[in-house]
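> Let's see this in three dimensions:
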Amino acid sequence: MLGLLGAMMVAGLLSLYLRPGGSAWRCPGVSPGWWVFKPSRYWFIRGRCWHRLDGLPADRTMTVRCPECGTQVTPGKRLRDGYRFRFGSLALVCLMSAIACGISAGIRGKAWSRSLPGLPLVMLAQADFITHRSTMRKDLAERNMAGTLGDTSKSILAWRLVREFRDDDRSWNALKAEDQMRFIGAAGIEALRSEFLNGDDQSKWISMEFLRTFDRNPPRQLIEIGRREILSGDANARRRFMHYLGTFDDDPSEELIDLWIRNCASHRYSRSSGTIGYLKKHATRARPKMIELMKNGTGPEKYLIAITFVELSDDEQLPLAVEILTSHLEDNEIANDQNTAIEVLSELGPRVLPLLEPYMKTLDLQGRYSLGHITTSVQRYDVETWEHWYRLPEEQKAQYRDYWGPWEYLRGIKEAPRYLLDQVRLETNAASR
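Numbers count the residues shown, from 1 in each chain. Reported below is the predicted structural model:
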């Protein structure tokens, strides 16, 4: 089908640029009569005689008799000299054949787009009237999720998907576009950057979340815009750009750090707010204010700062951080704080057990049960196995935290053969150096 469509375009362009011209006139030949309906080579060739008529004597009605075939040719029947082959007819035949191929492919594959390669299909999908519910887009989504699209096709598709992030009158298109963008990955960075700067509030928010994941080297322009928007006073812009800069801003001002620390109170016991990662990244500069906030701040502020110091393994502040987190193991009206506190304290491994012992008698029944759960989970693995977790780089620890915490890693270390353990030990030592 693609080959016939290409031939149609070539023949169509030739028919436009090779129009008949010149001063000579040609004889059309004898009229075919009813034989015009019979397949014939004259469908593609102009004129049955093609004898030149210029210079021949004409009567009063300007009718000329062809000396070759004897046809009386009036001025209206004369053919202008030029290319004799009918490229327009060839283009029409190619078009009809291409349509037939498309219908055949649709019948066999239940979708005509199945026969198209990825790149032409992605380019056709750029049209606004082709929505996410169309057969073409569904086929394209299946290919994208199966990983069969190339980087060029993914990049072009990303420009279509980011437009669907916007707040419009089409139901569920933004959600479908998000699902597909996860499989495009780094190939869609340029489209995401553009939408992050030029889209509406909804598309900017969605684009920012993907940029935090895929864009490891953002341009300076985005960082400067983010800093300016954070300090502008717009609450929505501040929240959006603070998340973005939390990943990439390597040299924030003291004003930005203070804003991030004050931001702890606005997340209401949420470990996934992005504030923890930012404070860990700039812990050296933020540490004095974090200590002050952990001692005298509000409940959410103390909770978030305590988690930060535990993940930093700050031995000096660890006792106070553990005290704050153990208070969240008890029965209260705060949603999900017990589960998060168990996860955070368990990641400390054997070094947290002496710090938890004094609270075994002071906490309520739920708190004591939680401490027993932490102790059992930690003691399931020996100290040598936990040492591998301690030496793991922070980036890899963060990846494990997103799923099941350290347990999957520890189980793999415990079950691995000795030679693999030696290799892991060398790699973690090299990474820590």
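> Low-confidence stretches in this structure?
21-23, 32-42, 105-112, 115, 233-240, 242-249, 264-273, 402-403, 416-433 (pLDDT under 70).
> tell me, what residue is most central in it?
Among the residues of the chain, Met181 comes closest to the average C-alpha position under CA atoms, centre = their mean, at 2.5 Å.
> wait, it sits on Arg163?
No. Look at Met181 against Arg163 with CB atoms under 8 Å: they stay out of range, at 11.8 Å. Yep, even glycine has a C-beta here, placed from its N, CA and C like the rest.
> sorry, back to before: and the residue nearest to the centre of the chain, what does it touch?
158, 161-162, 188, 192, 210 (CB atoms under 8 Å, 6 or more residues apart in numbering).
> for stretch 320-329, which positions count as buried?
320-322, 324-329 (16 or more other CB atoms under 10 Å).
> out of those, which one sits closest to Leu92?
Lowest distance from Leu92 to the buried residues of stretch 320-329 (CB to CB) belongs to His328, with 75.9 Å.
> Go ahead and confirm that closest one touches Ile342.
No. His328 is beyond contact range of Ile342, at 9.3 Å (criterion: CB under 8 Å).
> can you list contacts of stretch 357-365?
323, 326, 329-331, 367-368, 370-371.
> So of those, which two are at opposite extremes in space?
Pairwise over those, using CB to CB, the maximum falls at Glu323 and Asp331, 17.6 Å.
> picking up where we left off before, which ones among the contacts of Met181 are found in helices?
Among the contacts of Met181, DSSP state H puts 158, 161-162, 192, 210 in helices.
> Next, format those as TSV and append neighbour count.
TSV is the format used below for these (neighbours: other CB atoms under 10 Å):
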residue	neighbour count
Ala158	25
Leu161	28
Val162	25
Leu192	28
Phe210	24
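> related to what we said a few turns ago, may I see the buried residues of the helix or strand harbouring the residue nearest to the centre of the chain?
Assigned by DSSP states H and E, Met181 falls within helix 173-184. For helix 173-184, a neighbour-count test (16+ other CB under 10 Å) marks 173-174, 176-177, 180-181, 183-184 as buried.
> from the middle of its chain, how far away would it be?
Centroid displacement of helix 173-184 relative to its chain, using CA atoms, centre = their mean, to the nearest Å, is 6 Å.
> Repeat that for stretch 6-15.
That offset, for stretch 6-15, works out to 37 Å (CA atoms, centre = their mean).
> Pull the residues that contact it.
86-88, 90-91, 94-95, 98.
> Give me the buried positions along that stretch.
7-8, 11-12, 15.
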